[in-house]
Structure formats: structure tokens, C-alpha cells
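Asker: next come a sequence and a model predicted from it.
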Amino acid sequence: MSSQAPDASDVVDDIDASDEETFDDEPGSPLARGTGRHSLRFLYALMGISAIFCIVASAVLSIESYHLALNPKAVLSCDINAAISCGTVAQSWQATFFGFPNAFIGLASEPVVLTIAILGFCSTRFPRWFLFCAQVAYGLALIFAYWLFVQSFFYIGALCPWCLIITVFTTITFFTLLHISAIEKTLYLPPRAQRGLERAIEWHLDVIVPALLLTTLAVMIMLKYGIQIINS
């Protein structure tokens, strides 16, 4: 009996099919089941809590910016010493990078994030393009938050506690949204890149990376301002 050689198109189809398989399709994968920390309800709840912290911090900073506009010599509630001083940071050019207090950005954008979180918690399914745009926008927000930290730490020479709260929870929100994007496959990644992102989530890199980032910030702050913070 003669065996028939496989058609070339069948081989190509098999290769393409194998490329489209994703890590979360593996049997028993928590990412596929959406259980535990991979639950969308849990992730949206975490995103909502982070947004609330950012809204509160942005509101306080906005109010204090108003007080400074009325009286540039005003002493703010978080003006503790030379190292911990919202007033010093607020009067720098970096604090009004777009021509108005940066806190106004958080005051306008974080309620949107909170709304997305509430709708997601209620099992709303967003369009792929919408979550992709949200991820990009929050990526820019994360970059801006860390740029402001670098400016405060190295150039302004003072830290703003409310700004640090925003930096912390912006970091948490970004990686939470990235976790959601991995589950929902909304980043328009090639199949292998999507598999890599899913593996990273399974290996808890969405927790480890932000933890390392925030730990690094904490160590930097304590090394430079630790004595002043303790003495305050």
C-alpha cells in the first residue's frame, strides 16, 4: 500500500493552529477558569479600590493647590518638614506640567477608572479596542507618575505624601489592568507574545514586578530621607 504525503497547505494550517493555542487554554489553568486571583470580579474590585485612593489623594491635592493659589505662603496639611512637603512640590514647575495642577488630571480621570471597575465588577464585557485604549492610557499615566517621582526625588528635593499614594495605586491599577488584558486578550499581541504574557501572569510577575518597583521606591526614600522622616 502506498502512503499519501501530507499536503503542504495542511502542514501550514497545523503550524498556524499550534501558534494560536494560548497558555490559558491548557486544562486546569487558573487563568482559563478565571478562579482565585484571576477572577475578573476580584481584579475589577482591586482596580476600583485603587481608583478610590487616587480620587481621594487627587481631591486633597486639588484643594491644597487652590489654597496655594490664594496664598503662596500657606502651610499645607502635609508640610511636615523640608523633606516631606506638599507645598514645596506643588510650587515647582513640574506640578503644573500641563499648565494646571497635575492633581486635576487624576480628579478627572480616576472617576472614569472607577466607573470601568464598577461596570467590570458587574460582569460588563467591554469592547477589545476599549480595554486596549485604557491600557495604553494608564501606561502613559504610570510613566508620568514615575517621572514626577524622579523629579521630586532628584530635582525638587522634597516628597509629597499624597503624590506617593497616587504613584502606589497607579502602579497597582496598571498591573491589575494588564492582568485583565491578558485574560481578555485585548492587547492585539501576536499569539506567541500573548502566550508569554499569560505565562508571566501565571508566574505572578504581575505581582512581583510592581512589588519590586514599590520596594525600590521605598528603599530610595528611606536611604535619602529616612532620618528626617523618623525625626518628624
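Answerer: Cool, the structure landed.

Asker: now do Pro210 against Thr176, distance only.
Answerer: 9 Å (CB to CB, to the nearest Å). For every residue, glycine as well, the C-beta is placed using N, CA and C.

Asker: so for the two, which sits in the more crowded spot?
Answerer: The neighbour count for Pro210 versus Thr176, taken as other CB atoms under 10 Å, is higher for Thr176 (25 against 19).

Asker: list the helices and strands the helix or strand harbouring Ile166 packs on?
Answerer: Taking DSSP states H and E as the criterion, Ile166 maps to helix 161-184. Applying 3 or more CB pairs under 8 Å, 6 or more residues apart in numbering; DSSP states H and E, one finds that helix 161-184 makes contact with helix 40-70, helix 86-90, helix 103-121, helix 128-150, helix 191-202, helix 205-231.

Asker: those helices: which one's closest to Thr171?
Answerer: helix 205-231 (4.9 Å; CB to CB).

Asker: elements contacting that closest one?
Answerer: helix 161-184.

Asker: and the pLDDT for the residue positioned nearest the centre of the chain?
Answerer: Residue closest to the average C-alpha location in the chain (CA atoms, centre = their mean): Phe174, at 1.8 Å. pLDDT, Phe174: 98.

Asker: the one 10 residues further on too?
Answerer: The predicted structure scores Glu184 at 94 on the pLDDT scale.

Asker: and it, how many residues sit next to it?
Answerer: Glu184: 15 neighbours (other CB under 10 Å).

Asker: how about it, nearest residue that isn't a chain neighbour?
Answerer: Excluding its sequence neighbours, the residue lying closest to Glu184 (CB to CB, 6 or more residues apart in numbering) is Leu131, at 6.1 Å.

Asker: that neighbour touches Tyr188, doesn't it?
Answerer: No: Leu131 lies out of contact with Tyr188 (CB atoms under 8 Å); the separation is 10.6 Å.

Asker: about what we covered before: nearest to Pro161, out of the helices and strands packed on helix 161-184?
Answerer: Once the helices and strands packed on helix 161-184 are compared by CB to CB, helix 86-90 is nearest, at 7.0 Å.

Asker: so what does the closest one touch, helix or strand wise?
Answerer: By 3+ CB pairs under 8 Å, 6+ apart, helix 86-90 packs against helix 40-70, helix 161-184.

Asker: show me the contact partners of that helix.
Answerer: If you take CB atoms under 8 Å, 6 or more residues apart in numbering as the criterion, helix 86-90 is touched by 61, 64-65, 68, 74-79, 82, 95, 101, 152, 156-163.
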